[in-house]
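Trainee: Can you look at this prediction? I've put the sequence above it.
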Amino acid sequence: MLQNSFNVVQEKLFTNIVCLNSDSSNNLDDELVFAAEIDDELPTESWKILIVDDESEVHTATNIALTNFVFEDKSLAFFNAYSASHAKQLIEENSDIAIILLDVIMETDNAGLDFVQYVREVLGNQLVRIILRTGQPGHVPEKEIIFNYDINDYKTKTELTSQKLYTTMLTALRSYSLSQRLQLEIERCQQIEMALRDSERREREKAIALENSLKALQHTQLQLVQSEKMSSLGQLVAGIAHEINNPVNFIYGNLLPTQEYIQQLIELLEIYELHYPNPAPEITDRIEEIDLEFVISDLPKLLSSMKLGAERIRQIVLSLRNFSRLDDTQKKPVNIHEGIDSTLMILQHRLKANSERVAIEVIKKYGTLPLVTCYAGQLNQVFMNLLANAIDALEDVDCAQDCLTSQPQIIIDTETVGGDRVRISIADNGVGMTENVRSRIFNSFFTTKPMGKGTGMGLSISQQIVAEKHSGQLECVSSHCQGTKFIIEIPIA
(Lines give C-alpha, C1' and ligand atoms only; values in the text may rest on other atoms or scores of the structure.)
Protein backbone atom coordinates (compact mmCIF):
# COMPACT_ATOMS: atom_id res chain seq x y z
CA MET A 1 0.00 0.00 0.00
CA LEU A 2 2.88 2.40 0.88
CA GLN A 3 4.54 1.64 -2.42
CA ASN A 4 1.31 2.34 -4.30
CA SER A 5 0.91 5.70 -2.56
CA PHE A 6 4.47 6.65 -3.36
CA ASN A 7 4.03 5.65 -7.01
CA VAL A 8 1.02 7.95 -7.23
CA VAL A 9 3.01 10.83 -5.70
CA GLN A 10 6.00 10.20 -7.95
CA GLU A 11 3.77 10.01 -11.01
CA LYS A 12 2.09 13.31 -10.14
CA LEU A 13 5.44 15.03 -9.49
CA PHE A 14 6.95 13.90 -12.75
CA THR A 15 3.73 14.72 -14.61
CA ASN A 16 3.81 18.28 -13.32
CA ILE A 17 7.50 18.63 -14.12
CA VAL A 18 6.87 17.50 -17.71
CA CYS A 19 3.96 19.88 -17.94
CA LEU A 20 6.13 22.69 -16.73
CA ASN A 21 8.76 21.98 -19.33
CA SER A 22 6.44 21.26 -22.32
CA ASP A 23 3.48 23.58 -21.93
CA SER A 24 4.85 26.90 -20.96
CA SER A 25 2.06 28.78 -22.67
CA ASN A 26 -0.73 27.17 -20.69
CA ASN A 27 0.50 26.30 -17.21
CA LEU A 28 3.86 27.95 -16.61
CA ASP A 29 2.47 31.09 -15.06
CA ASP A 30 0.16 29.12 -12.83
CA GLU A 31 2.86 26.79 -11.64
CA LEU A 32 5.57 29.41 -10.99
CA VAL A 33 3.47 32.07 -9.39
CA PHE A 34 4.92 31.14 -5.95
CA ALA A 35 8.57 31.11 -7.00
CA ALA A 36 10.92 33.94 -7.84
CA GLU A 37 12.12 34.80 -11.33
CA ILE A 38 14.64 32.18 -12.49
CA ASP A 39 17.91 33.47 -13.96
CA ASP A 40 20.17 31.58 -16.35
CA GLU A 41 22.73 31.19 -13.56
CA LEU A 42 21.54 29.97 -10.18
CA PRO A 43 22.59 31.96 -7.08
CA THR A 44 25.67 30.83 -5.21
CA GLU A 45 23.94 31.04 -1.81
CA SER A 46 21.41 28.32 -1.00
CA TRP A 47 18.73 27.34 1.43
CA LYS A 48 19.69 24.03 3.04
CA ILE A 49 16.94 21.44 2.74
CA LEU A 50 17.16 18.11 4.59
CA ILE A 51 15.13 15.29 3.04
CA VAL A 52 14.64 12.39 5.46
CA ASP A 53 13.04 9.32 3.90
CA ASP A 54 14.01 5.66 3.56
CA GLU A 55 12.82 5.54 -0.07
CA SER A 56 15.40 6.74 -2.60
CA GLU A 57 12.66 7.45 -5.14
CA VAL A 58 11.21 10.12 -2.83
CA HIS A 59 14.59 11.85 -2.68
CA THR A 60 14.92 11.75 -6.46
CA ALA A 61 11.42 13.03 -7.12
CA THR A 62 11.79 15.88 -4.61
CA ASN A 63 15.15 16.94 -5.99
CA ILE A 64 13.79 16.98 -9.57
CA ALA A 65 10.61 18.85 -8.59
CA LEU A 66 12.51 21.61 -6.75
CA THR A 67 15.58 21.87 -8.95
CA ASN A 68 14.88 25.41 -10.19
CA PHE A 69 13.23 26.69 -7.01
CA VAL A 70 14.57 30.11 -5.98
CA PHE A 71 13.48 32.20 -3.02
CA GLU A 72 14.97 35.57 -2.11
CA ASP A 73 17.66 35.06 -4.75
CA LYS A 74 18.82 31.83 -3.14
CA SER A 75 18.45 28.34 -4.58
CA LEU A 76 18.05 25.08 -2.66
CA ALA A 77 20.84 22.79 -1.48
CA PHE A 78 19.64 19.29 -0.66
CA PHE A 79 20.92 17.01 2.09
CA ASN A 80 19.62 13.44 1.87
CA ALA A 81 19.21 11.12 4.87
CA TYR A 82 17.75 7.65 4.54
CA SER A 83 17.27 7.07 8.25
CA ALA A 84 16.62 9.08 11.38
CA SER A 85 20.08 8.30 12.75
CA HIS A 86 21.67 9.61 9.55
CA ALA A 87 19.48 12.69 9.78
CA LYS A 88 20.73 13.34 13.33
CA GLN A 89 24.29 13.37 12.07
CA LEU A 90 23.48 15.80 9.25
CA ILE A 91 21.51 18.22 11.46
CA GLU A 92 24.35 18.25 13.97
CA GLU A 93 26.84 19.11 11.24
CA ASN A 94 24.56 21.69 9.59
CA SER A 95 22.73 23.69 12.21
CA ASP A 96 21.60 26.21 9.56
CA ILE A 97 19.30 23.77 7.75
CA ALA A 98 16.16 25.70 6.87
CA ILE A 99 13.60 22.96 6.12
CA ILE A 100 13.30 19.29 6.97
CA LEU A 101 11.02 17.18 4.77
CA LEU A 102 10.50 14.27 7.14
CA ASP A 103 9.01 10.81 6.77
CA VAL A 104 7.66 9.14 9.92
CA ILE A 105 8.06 5.40 9.47
CA MET A 106 11.66 4.46 8.69
CA GLU A 107 13.92 2.17 10.71
CA THR A 108 11.16 2.21 13.36
CA ASP A 109 7.52 3.16 13.30
CA ASN A 110 8.23 6.37 15.23
CA ALA A 111 11.70 7.15 13.91
CA GLY A 112 10.57 10.43 12.36
CA LEU A 113 8.72 11.58 15.47
CA ASP A 114 11.69 10.68 17.66
CA PHE A 115 13.86 12.74 15.32
CA VAL A 116 11.50 15.72 15.81
CA GLN A 117 11.93 15.50 19.57
CA TYR A 118 15.70 15.20 19.17
CA VAL A 119 15.87 18.36 17.04
CA ARG A 120 13.61 20.42 19.27
CA GLU A 121 14.52 19.19 22.74
CA VAL A 122 18.08 17.85 22.54
CA LEU A 123 19.56 20.23 19.98
CA GLY A 124 17.24 23.07 21.01
CA ASN A 125 16.76 24.05 17.38
CA GLN A 126 13.47 25.92 17.23
CA LEU A 127 14.24 27.75 14.00
CA VAL A 128 14.24 24.94 11.42
CA ARG A 129 10.87 24.33 9.74
CA ILE A 130 9.80 20.66 9.97
CA ILE A 131 7.31 19.43 7.36
CA LEU A 132 6.02 15.96 8.09
CA ARG A 133 5.32 13.81 4.98
CA THR A 134 3.65 10.49 5.55
CA GLY A 135 2.35 7.83 3.31
CA GLN A 136 0.34 6.24 6.10
CA PRO A 137 -1.84 8.95 7.63
CA GLY A 138 -3.83 6.36 9.51
CA HIS A 139 -0.74 5.36 11.45
CA VAL A 140 0.11 9.00 12.30
CA PRO A 141 -3.18 10.91 12.73
CA GLU A 142 -2.76 14.60 11.81
CA LYS A 143 -4.54 16.07 14.85
CA GLU A 144 -2.62 13.97 17.33
CA ILE A 145 0.74 14.61 15.67
CA ILE A 146 0.27 18.38 15.42
CA PHE A 147 -0.93 18.53 19.03
CA ASN A 148 1.89 16.41 20.52
CA TYR A 149 4.88 17.31 18.35
CA ASP A 150 6.48 20.62 17.45
CA ILE A 151 6.14 20.44 13.67
CA ASN A 152 5.32 23.24 11.24
CA ASP A 153 3.29 21.42 8.62
CA TYR A 154 1.65 18.04 8.00
CA LYS A 155 1.25 16.61 4.54
CA THR A 156 0.32 13.26 3.07
CA LYS A 157 2.45 12.11 0.18
CA THR A 158 -0.61 11.70 -2.03
CA GLU A 159 -1.45 15.41 -1.86
CA LEU A 160 2.03 16.70 -2.63
CA THR A 161 1.76 17.61 -6.30
CA SER A 162 4.46 19.85 -7.70
CA GLN A 163 2.16 22.83 -7.20
CA LYS A 164 1.49 21.89 -3.60
CA LEU A 165 5.18 21.21 -3.01
CA TYR A 166 6.05 24.69 -4.35
CA THR A 167 3.52 26.40 -2.11
CA THR A 168 4.55 24.32 0.89
CA MET A 169 8.26 25.11 0.39
CA LEU A 170 7.54 28.77 -0.30
CA THR A 171 5.43 29.10 2.85
CA ALA A 172 8.01 27.25 4.93
CA LEU A 173 10.91 29.34 3.61
CA ARG A 174 9.00 32.56 4.18
CA SER A 175 8.36 31.45 7.75
CA TYR A 176 11.99 30.38 8.21
CA SER A 177 13.34 33.61 6.70
CA LEU A 178 11.06 35.73 8.86
CA SER A 179 11.98 33.74 11.97
CA GLN A 180 15.64 34.01 11.05
CA ARG A 181 15.42 37.78 10.66
CA LEU A 182 13.43 37.98 13.87
CA GLN A 183 16.05 35.95 15.68
CA LEU A 184 18.80 38.18 14.28
CA GLU A 185 16.84 41.22 15.38
CA ILE A 186 16.37 39.70 18.83
CA GLU A 187 20.10 38.98 19.03
CA ARG A 188 20.83 42.53 17.88
CA CYS A 189 18.46 43.91 20.51
CA GLN A 190 20.07 41.68 23.10
CA GLN A 191 23.50 42.98 22.07
CA ILE A 192 22.20 46.54 22.29
CA GLU A 193 20.70 45.77 25.69
CA MET A 194 23.98 44.24 26.83
CA ALA A 195 25.84 47.27 25.52
CA LEU A 196 23.40 49.57 27.33
CA ARG A 197 23.76 47.57 30.52
CA ASP A 198 27.52 47.63 30.14
CA SER A 199 27.39 51.38 29.53
CA GLU A 200 25.09 51.81 32.52
CA ARG A 201 27.45 49.73 34.62
CA ARG A 202 30.42 51.83 33.52
CA GLU A 203 28.53 55.04 34.22
CA ARG A 204 27.50 53.68 37.61
CA GLU A 205 31.13 52.77 38.32
CA LYS A 206 32.16 56.25 37.24
CA ALA A 207 29.53 57.76 39.53
CA ILE A 208 30.74 55.61 42.42
CA ALA A 209 34.35 56.51 41.65
CA LEU A 210 33.38 60.18 41.49
CA GLU A 211 31.53 59.90 44.79
CA ASN A 212 34.52 58.14 46.36
CA SER A 213 36.82 60.82 44.94
CA LEU A 214 34.58 63.51 46.41
CA LYS A 215 34.60 61.78 49.79
CA ALA A 216 38.37 61.39 49.58
CA LEU A 217 38.67 65.06 48.65
CA GLN A 218 36.47 66.08 51.58
CA HIS A 219 38.47 63.75 53.81
CA THR A 220 41.73 65.26 52.60
CA GLN A 221 40.30 68.74 53.02
CA LEU A 222 39.32 67.97 56.60
CA GLN A 223 42.75 66.52 57.29
CA LEU A 224 44.42 69.61 55.83
CA VAL A 225 42.14 71.92 57.79
CA GLN A 226 42.69 69.89 60.94
CA SER A 227 46.43 69.71 60.39
CA GLU A 228 46.67 73.44 59.73
CA LYS A 229 44.35 74.21 62.62
CA MET A 230 46.26 72.03 65.06
CA SER A 231 49.59 73.29 63.77
CA SER A 232 48.55 76.94 64.14
CA LEU A 233 46.83 76.30 67.44
CA GLY A 234 49.75 74.29 68.73
CA GLN A 235 52.27 76.94 67.76
CA LEU A 236 50.09 79.68 69.25
CA VAL A 237 49.45 77.81 72.48
CA ALA A 238 53.05 76.68 72.80
CA GLY A 239 54.30 80.22 72.16
CA ILE A 240 51.91 81.77 74.67
CA ALA A 241 52.69 79.09 77.23
CA HIS A 242 56.40 79.67 76.77
CA GLU A 243 56.07 83.46 77.06
CA ILE A 244 53.89 83.21 80.14
CA ASN A 245 55.93 80.46 81.73
CA ASN A 246 59.14 82.48 82.09
CA PRO A 247 57.75 85.51 83.98
CA VAL A 248 55.44 83.30 86.02
CA ASN A 249 58.36 81.14 87.07
CA PHE A 250 60.28 84.31 87.92
CA ILE A 251 57.42 85.60 90.07
CA TYR A 252 56.74 82.21 91.63
CA GLY A 253 60.43 81.68 92.38
CA ASN A 254 60.72 85.04 94.16
CA LEU A 255 57.58 84.72 96.24
CA LEU A 256 59.17 82.42 98.82
CA PRO A 257 62.21 84.64 99.60
CA THR A 258 59.92 87.68 99.52
CA GLN A 259 57.72 86.03 102.11
CA GLU A 260 60.79 85.27 104.23
CA TYR A 261 62.11 88.83 103.97
CA ILE A 262 58.78 90.34 104.95
CA GLN A 263 58.51 87.95 107.87
CA GLN A 264 61.95 89.06 109.00
CA LEU A 265 60.98 92.75 108.77
CA ILE A 266 57.84 92.09 110.80
CA GLU A 267 59.91 90.36 113.48
CA LEU A 268 62.30 93.35 113.48
CA LEU A 269 59.40 95.75 113.99
CA GLU A 270 58.19 93.66 116.89
CA ILE A 271 61.66 93.88 118.49
CA TYR A 272 61.71 97.68 117.99
CA GLU A 273 58.29 97.93 119.63
CA LEU A 274 59.51 95.81 122.54
CA HIS A 275 62.57 97.97 123.21
CA TYR A 276 61.02 101.29 122.27
CA PRO A 277 57.45 101.18 123.55
CA ASN A 278 57.15 104.99 123.39
CA PRO A 279 58.32 106.08 119.94
CA ALA A 280 58.47 109.68 118.79
CA PRO A 281 55.14 111.40 117.98
CA GLU A 282 55.99 111.40 114.26
CA ILE A 283 56.41 107.59 114.27
CA THR A 284 53.22 107.17 116.28
CA ASP A 285 51.31 109.28 113.77
CA ARG A 286 52.71 107.24 110.86
CA ILE A 287 51.78 103.93 112.56
CA GLU A 288 48.21 105.09 112.96
CA GLU A 289 48.10 106.43 109.40
CA ILE A 290 49.12 103.13 107.73
CA ASP A 291 47.31 100.93 110.28
CA LEU A 292 50.49 98.95 110.92
CA GLU A 293 48.74 96.26 112.91
CA PHE A 294 46.43 95.43 109.93
CA VAL A 295 49.34 95.52 107.46
CA ILE A 296 51.34 93.09 109.57
CA SER A 297 48.41 90.65 109.81
CA ASP A 298 47.29 90.98 106.15
CA LEU A 299 50.65 90.93 104.38
CA PRO A 300 51.27 87.14 104.84
CA LYS A 301 47.74 86.47 103.55
CA LEU A 302 48.45 88.67 100.52
CA LEU A 303 51.63 86.75 99.78
CA SER A 304 49.80 83.43 100.11
CA SER A 305 47.18 84.61 97.60
CA MET A 306 49.90 85.69 95.19
CA LYS A 307 51.56 82.31 95.55
CA LEU A 308 48.24 80.54 94.92
CA GLY A 309 47.60 82.67 91.82
CA ALA A 310 51.07 82.01 90.47
CA GLU A 311 50.59 78.29 91.04
CA ARG A 312 47.28 78.46 89.19
CA ILE A 313 48.95 80.18 86.22
CA ARG A 314 51.68 77.53 86.22
CA GLN A 315 49.05 74.79 86.08
CA ILE A 316 47.25 76.48 83.18
CA VAL A 317 50.53 76.89 81.30
CA LEU A 318 51.35 73.23 81.91
CA SER A 319 47.88 72.24 80.72
CA LEU A 320 48.34 74.29 77.55
CA ARG A 321 51.65 72.59 76.87
CA ASN A 322 50.19 69.15 77.53
CA PHE A 323 47.18 69.92 75.35
CA SER A 324 49.12 71.22 72.38
CA ARG A 325 51.76 68.44 72.38
CA LEU A 326 53.47 70.19 69.48
CA ASP A 327 56.41 67.79 69.59
CA ASP A 328 54.26 64.63 69.36
CA THR A 329 54.70 63.60 65.72
CA GLN A 330 54.81 59.92 66.69
CA LYS A 331 52.80 57.75 68.99
CA LYS A 332 54.03 57.77 72.57
CA PRO A 333 52.82 56.16 75.79
CA VAL A 334 50.87 58.83 77.69
CA ASN A 335 48.59 59.16 80.67
CA ILE A 336 45.05 59.58 79.33
CA HIS A 337 43.85 61.16 82.57
CA GLU A 338 46.43 63.95 82.27
CA GLY A 339 45.10 64.78 78.81
CA ILE A 340 41.51 64.94 80.08
CA ASP A 341 42.50 67.05 83.09
CA SER A 342 44.46 69.44 80.87
CA THR A 343 41.44 69.87 78.63
CA LEU A 344 39.17 70.48 81.62
CA MET A 345 41.62 73.10 82.89
CA ILE A 346 41.43 75.00 79.60
CA LEU A 347 37.62 74.79 79.62
CA GLN A 348 37.34 75.72 83.30
CA HIS A 349 35.96 79.19 82.54
CA ARG A 350 33.03 77.63 80.69
CA LEU A 351 32.19 75.30 83.57
CA LYS A 352 31.68 78.13 86.03
CA ALA A 353 28.24 79.54 86.85
CA ASN A 354 26.92 82.43 84.80
CA SER A 355 23.78 84.53 84.57
CA GLU A 356 21.90 81.83 82.66
CA ARG A 357 22.79 78.66 84.59
CA VAL A 358 24.49 77.29 87.65
CA ALA A 359 27.99 75.84 87.53
CA ILE A 360 28.43 72.60 85.61
CA GLU A 361 29.52 69.75 87.86
CA VAL A 362 32.22 67.49 86.46
CA ILE A 363 32.19 63.99 87.91
CA LYS A 364 35.32 61.94 87.26
CA LYS A 365 35.04 58.18 87.49
CA TYR A 366 38.57 57.34 86.55
CA GLY A 367 39.56 53.71 86.44
CA THR A 368 43.08 52.36 86.66
CA LEU A 369 44.51 52.78 83.17
CA PRO A 370 47.94 51.86 81.86
CA LEU A 371 49.89 54.24 79.67
CA VAL A 372 48.25 54.33 76.24
CA THR A 373 50.35 54.58 73.09
CA CYS A 374 48.69 57.33 71.03
CA TYR A 375 49.03 60.73 69.39
CA ALA A 376 48.42 62.68 72.58
CA GLY A 377 47.87 66.08 70.97
CA GLN A 378 45.27 64.74 68.53
CA LEU A 379 43.52 62.72 71.23
CA ASN A 380 43.37 65.84 73.41
CA GLN A 381 41.67 67.58 70.49
CA VAL A 382 39.01 64.84 70.57
CA PHE A 383 38.50 65.40 74.31
CA MET A 384 38.22 69.14 73.66
CA ASN A 385 35.55 68.66 70.96
CA LEU A 386 33.47 66.21 73.04
CA LEU A 387 33.65 68.24 76.26
CA ALA A 388 32.88 71.50 74.41
CA ASN A 389 29.84 69.84 72.80
CA ALA A 390 28.68 68.62 76.22
CA ILE A 391 28.93 72.15 77.60
CA ASP A 392 27.03 73.50 74.57
CA ALA A 393 24.26 70.98 75.22
CA LEU A 394 24.01 72.04 78.86
CA GLU A 395 23.93 75.71 77.83
CA ASP A 396 21.05 75.24 75.36
CA VAL A 397 18.70 77.63 77.13
CA ASP A 398 15.76 77.01 74.79
CA CYS A 399 15.58 73.33 75.72
CA ALA A 400 17.03 73.46 79.22
CA GLN A 401 13.74 74.30 80.93
CA ASP A 402 12.03 71.28 79.41
CA CYS A 403 14.88 68.76 79.68
CA LEU A 404 17.14 69.71 82.57
CA THR A 405 15.53 68.55 85.81
CA SER A 406 18.66 68.48 87.97
CA GLN A 407 22.13 69.90 88.39
CA PRO A 408 23.91 70.07 84.98
CA GLN A 409 26.58 67.42 84.99
CA ILE A 410 29.34 66.00 82.83
CA ILE A 411 30.38 62.48 83.80
CA ILE A 412 33.75 61.19 82.60
CA ASP A 413 34.26 57.44 82.95
CA THR A 414 37.42 55.51 82.02
CA GLU A 415 38.12 51.78 82.14
CA THR A 416 40.03 49.00 80.42
CA VAL A 417 38.15 46.62 78.11
CA GLY A 418 39.29 43.12 77.32
CA GLY A 419 42.77 43.78 78.60
CA ASP A 420 43.96 45.41 75.37
CA ARG A 421 41.71 48.46 74.95
CA VAL A 422 40.64 51.48 76.95
CA ARG A 423 37.19 53.00 76.95
CA ILE A 424 36.56 56.68 77.68
CA SER A 425 32.97 57.85 77.94
CA ILE A 426 31.92 61.49 78.22
CA ALA A 427 28.23 61.89 79.12
CA ASP A 428 26.03 64.87 79.88
CA ASN A 429 22.47 65.20 81.16
CA GLY A 430 21.64 67.89 78.63
CA VAL A 431 19.03 68.23 75.90
CA GLY A 432 20.10 65.17 73.90
CA MET A 433 19.47 64.64 70.18
CA THR A 434 16.80 63.25 67.92
CA GLU A 435 17.68 60.12 65.92
CA ASN A 436 17.80 62.16 62.70
CA VAL A 437 20.44 64.47 64.17
CA ARG A 438 22.36 61.68 65.90
CA SER A 439 22.71 59.73 62.65
CA ARG A 440 24.34 62.71 60.93
CA ILE A 441 26.61 64.23 63.58
CA PHE A 442 29.76 62.61 62.18
CA ASN A 443 29.07 63.92 58.65
CA SER A 444 31.46 66.60 57.47
CA PHE A 445 30.13 70.16 57.83
CA PHE A 446 26.91 69.07 59.54
CA THR A 447 25.99 71.23 62.51
CA THR A 448 22.91 72.24 64.42
CA LYS A 449 24.59 75.31 65.89
CA PRO A 450 23.83 78.85 64.73
CA MET A 451 25.86 80.48 61.98
CA GLY A 452 29.28 81.48 63.22
CA LYS A 453 29.21 79.24 66.28
CA GLY A 454 29.92 75.83 64.74
CA THR A 455 31.78 74.62 61.64
CA GLY A 456 30.45 71.06 61.58
CA MET A 457 33.98 69.65 61.46
CA GLY A 458 34.72 68.91 65.12
CA LEU A 459 33.00 65.53 65.43
CA SER A 460 33.96 64.47 61.90
CA ILE A 461 37.61 65.20 62.65
CA SER A 462 37.29 63.48 66.02
CA GLN A 463 35.99 60.30 64.39
CA GLN A 464 38.84 60.35 61.86
CA ILE A 465 41.40 60.77 64.65
CA VAL A 466 39.94 57.88 66.66
CA ALA A 467 39.22 55.52 63.75
CA GLU A 468 42.07 56.18 61.33
CA LYS A 469 44.88 57.42 63.54
CA HIS A 470 44.26 55.10 66.49
CA SER A 471 42.37 52.11 64.93
CA GLY A 472 39.55 52.70 67.41
CA GLN A 473 35.91 53.66 67.29
CA LEU A 474 33.83 56.62 68.39
CA GLU A 475 30.13 56.08 69.06
CA CYS A 476 27.30 58.30 70.19
CA VAL A 477 24.30 57.28 72.28
CA SER A 478 21.60 59.91 72.65
CA SER A 479 17.88 60.58 72.67
CA HIS A 480 15.86 63.72 73.09
CA CYS A 481 15.85 65.03 76.68
CA GLN A 482 17.86 61.97 77.80
CA GLY A 483 21.35 63.42 77.48
CA THR A 484 24.21 62.34 75.25
CA LYS A 485 27.10 59.94 75.74
CA PHE A 486 30.17 59.69 73.50
CA ILE A 487 32.17 56.48 73.85
CA ILE A 488 35.79 56.21 72.71
CA GLU A 489 37.56 52.86 72.46
CA ILE A 490 41.20 52.67 71.37
CA PRO A 491 43.93 50.01 71.69
CA ILE A 492 46.33 50.38 74.56
CA ALA A 493 49.35 49.71 72.36
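Mentor: Okay, I see it. Numbering: from 1, shown residues only.
Trainee: Please name the residues that touch residue 315.
Mentor: Contacts here follow CB atoms under 8 Å, 6 or more residues apart in numbering; on that basis residue 315 touches residue 345. For every residue, glycine as well, the C-beta is placed using N, CA and C.
Trainee: One more: residue 409?
Mentor: 360-363, 428-429.
Trainee: Any stretches of the stretch 51-200 of the chain with poor pLDDT?
Mentor: Of all residues in the stretch 51-200 of the chain, none has pLDDT under 70.
Trainee: on that earlier part again, compare the contacts of residue 409 and tell me which has the most neighbours.
Mentor: residue 428 (24 neighbours; other CB atoms under 10 Å).
Trainee: Not counting sequence-adjacent ones, nearest residue to it?
Mentor: Nearest non-adjacent residue to residue 428, counting by CB to CB, 6 or more residues apart in numbering: residue 390, 4.0 Å away.
Trainee: swap in residue 491?
Mentor: With CB to CB, 6+ apart, the residue lying closest to residue 491 is residue 421, at 5.6 Å.
Trainee: now do residue 361
Mentor: In space, residue 361 is closest to residue 409, 4.8 Å off (CB to CB, 6+ apart).
Trainee: what's the one you found sitting at in phi/psi?
Mentor: With angles defined as degrees, to the nearest 10, residue 409 sits at phi -140, psi 150.
Trainee: Over to residue 418?
Mentor: In terms of degrees, to the nearest 10, the main-chain angles of residue 418 are phi 70, psi 10.
Trainee: please renumber so the chain begins at 5
Mentor: Will do, 5 is the new start, and the previous item becomes residue 422.
Trainee: Just list the residues touching it, thanks.
Mentor: Per CB under 8 Å, 6+ apart, neighbours of residue 422: none.
Trainee: Against residue 344, how distant is the residue nearest to residue 365?
Mentor: 16 Å (CB to CB, to the nearest Å).
Trainee: Tell me how many other residues crowd residue 274.
Mentor: With other CB under 10 Å as criterion, residue 274 counts 10.
Trainee: Could you do residue 58 as well?
Mentor: Residue 58 has 17 nearby residues by other CB under 10 Å.
Trainee: what's the closest non-adjacent residue to it?
Mentor: residue 110 (4.4 Å).
Trainee: Report the contact partners of the one you found.
Mentor: By CB under 8 Å, 6+ apart, residue 110 lies in contact with 56-58, 86-88, 116.
Trainee: can I assume it sits in a helix?
Mentor: No - checked against DSSP: H, G, I helix; E, B strand; the rest coil, residue 110 lies outside a helix; its state is coil.
Trainee: what are the phi and psi angles of it?
Mentor: When quoted as degrees, to the nearest 10, the phi and psi of residue 110 stand at phi -130, psi -110.
Trainee: separation between it and residue 153?
Mentor: Separation of residue 110 from residue 153 (CB to CB) stands at 16 Å.
Trainee: before we move on, what about residue 192?
Mentor: From residue 192 to residue 153 the distance is 31 Å (CB to CB).
Trainee: cool, and residue 139?
Mentor: Relative to residue 153, and taking CB to CB, residue 139 is found at 18 Å.
Trainee: count of residues packed around residue 421?
Mentor: The number of residues near residue 421, taken as other CB under 10 Å, comes to 10.
Trainee: where's residue 479, which helix or strand?
Mentor: strand 477-482 (DSSP states H and E).
Trainee: Who are the contact partners of the residue nearest to residue 495?
Mentor: By CB under 8 Å, 6+ apart, the neighbours of residue 425 are 476, 493-496.
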